[in-house]
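A.B. asks: sequence first, predicted model second:
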Amino acid sequence: MKKAVHPEYQECAVTCACGSTFMTRSTKKEIRVEICSQCHPFFTGTQKFIDSAGRIEKFKKKYGDTKNIKSFAKPKKSSR
């Protein structure tokens, strides 16, 4: 194997714009990111659904309460 071909793999500090930091390994000494799992809406549970065309209201009007969704499913035919 040739020497000095591969970059050095070292400890790396990852810093988010929200201030969260964690350590990982990389070829860089420091990585700065705009969003991480501590501040991303999907992971924090604060994700909001944007419905500009009224699709959600249209669905609710057509099908009503979706908590009992199994009532809409067709029964499976047995293979016998």
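C.D. replies: Good, I have the coordinates. Numbers count the residues shown, from 1 in each chain.

A.B. asks: now do the strands in this protein.
C.D. replies: With DSSP state E as the criterion, the chain has strands at 10-16, 21-26, 30-33.

A.B. asks: from residue 27, how far off is residue 18?
C.D. replies: Applying Cβ to Cβ, to the nearest Å, the value for residue 18 to residue 27 is 25 Å. Where you see a C-beta, it was placed from the backbone N, CA and C, and this is true even at glycine.

A.B. asks: between the two, who's got more neighbours?
C.D. replies: Ranked by neighbour count (other Cβ atoms under 10 Å), residue 18 and residue 27 place residue 18 first, with 13 against 10.

A.B. asks: possible to save the strands of the chain as TSV with mean pLDDT and distance to residue 55?
C.D. replies: Shown next, in TSV, are these (pLDDT from 0 to 100; distance: least, Cβ to Cβ, whole Å):
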stretch	mean pLDDT	distance to residue 55
strand 10-16	93	33
strand 21-26	93	38
strand 30-33	92	32
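
A.B. asks: which of those strands sits most buried?
C.D. replies: For those, the largest average neighbour count (mean count of other Cβ atoms under 10 Å) is found in strand 10-16, namely a mean of 14.

A.B. asks: who touches that one?
C.D. replies: Identification of contacts with strand 10-16 by Cβ atoms under 8 Å, 6 or more residues apart in numbering yields 21-36, 38-39.

A.B. asks: show me which helix runs longest in the chain.
C.D. replies: helix 55-63 (DSSP state H).

A.B. asks: just put the strands of the chain in TSV and tack on distance to residue 45.
C.D. replies: Listed next are the strands of the chain as TSV, based on distance: least, Cβ to Cβ, whole Å:
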stretch	distance to residue 45
strand 10-16	18
strand 21-26	20
strand 30-33	20
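
A.B. asks: that's all I had, so thanks and see you.
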